Structure formats: structure tokens, C-alpha cells
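show me how the following folds:
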Amino acid sequence: MGILRILKVKKNVILAGLQDGYSKESYLIKNHVNYIKKIESVNNPEGYIHYTAKKLLPNRELYNKKTAEIQVKYLNNLDLTFRIVRVNDLYYHIPKEAKKAPP
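Numbers count the residues shown, from 1 in each chain. Modelled structure (predicted):
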């Protein structure tokens, strides 16, 4: 699945947000920082990521809805939009990758 991949894209969102003027105390930044800390502190990071992915984006319809909301919300910053959508792309595909993986 790639814990490092998830951490990298989360960090990229943080950097893009900070470069766009979001404060360290903004919800966007704090949410991503807290998620990274959580991944780094849990006993089973891959299990936690898989659980979160299924909870956040359980189906294609919700994925499409959230992607559209992100594109509207961050319309003035295409780089940040791209990076957040990239996180959602990874989350959306994680449960599918797990199903394809051999036991």
C-alpha cells in the first residue's frame, strides 16, 4: 500500500497550504499534521490507513462528490487542489489494492 506514499502526499498538502498562506493553526494544516502523527504512532499503520480509507471514501459516488467539493473550495489554488485530490486518489484505491493483493 505504501505508508511512505501516504505520508509524502500528506506532507505535500501541508507544504502547499503553508506556501499559499494558510497558518500552522488552520484546520487544513492541523488536520494533515495530526493524521501524520497518528500514522507514525499506531501499532499497525497500514491497518489504520486502510480503515481510514474505507471510512472516508467507501464508494465511487462519495469519492466523486468529495473531489468536486475540493475543486470548488480550493479553486484559487490549483496546486493545493491537485495535492488534496492526490491524497483522496490514494485513499480511494487503497481498499481496491488490498482486495487484489494475495493473502
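
now the helix or strand residue 9 falls within: how far from the chain's centre is it?
Assessed by DSSP states H and E, residue 9 sits inside helix 3-19. Centre-to-centre, helix 3-19 and its host chain are 8 Å apart (C-alpha atoms, centre = their mean, to the nearest Å).

number of residues surrounding residue 87?
Other residues lying near residue 87 total 18 when counted by other C-beta atoms under 10 Å. Where C-beta positions appear, they are placed from N, C-alpha and C, glycine not excepted.

next, count neighbours for the closest residue to it other than its chain neighbours.
Spatial nearest neighbour of residue 87, chain neighbours left out: residue 9 (5.0 Å); criterion: C-beta to C-beta, 6 or more residues apart in numbering. Per other C-beta under 10 Å, the neighbour tally for residue 9 reads 21.

contact partners for residue 9?
83, 86, 87, 90 (C-beta atoms under 8 Å, 6 or more residues apart in numbering).

what about the last one, neighbour count?
Applying the criterion other C-beta under 10 Å, we find 20 residues in the vicinity of residue 90.

before we move on, which element is it in?
Using DSSP H and E, the element containing residue 90 is helix 78-100.

tell me the pLDDT at the closest residue to residue 60 other than its chain neighbours?
Distance criterion C-beta to C-beta, 6+ apart; nearest residue to residue 60, sequence neighbours excluded, is residue 92 at 7.9 Å. Predicted confidence (pLDDT) for residue 92: 92.

with residue 96 instead?
Reported pLDDT for residue 96: 65.

ok so, going back, mind putting the contacts of residue 9 into a markdown table with distance to residue 13?
Listed next are these as a markdown table, based on distance: C-beta to C-beta, whole Å:
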| residue | distance to residue 13 |
| --- | --- |
| 83 | 5 |
| 86 | 8 |
| 87 | 6 |
| 90 | 11 |
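
which among those residues gets closest to residue 75?
Of all these, residue 83 has the smallest distance to residue 75: 14.3 Å, by C-beta to C-beta.

who's in contact with that closest one?
9, 12, 13, 16.

good, we can wrap up now.
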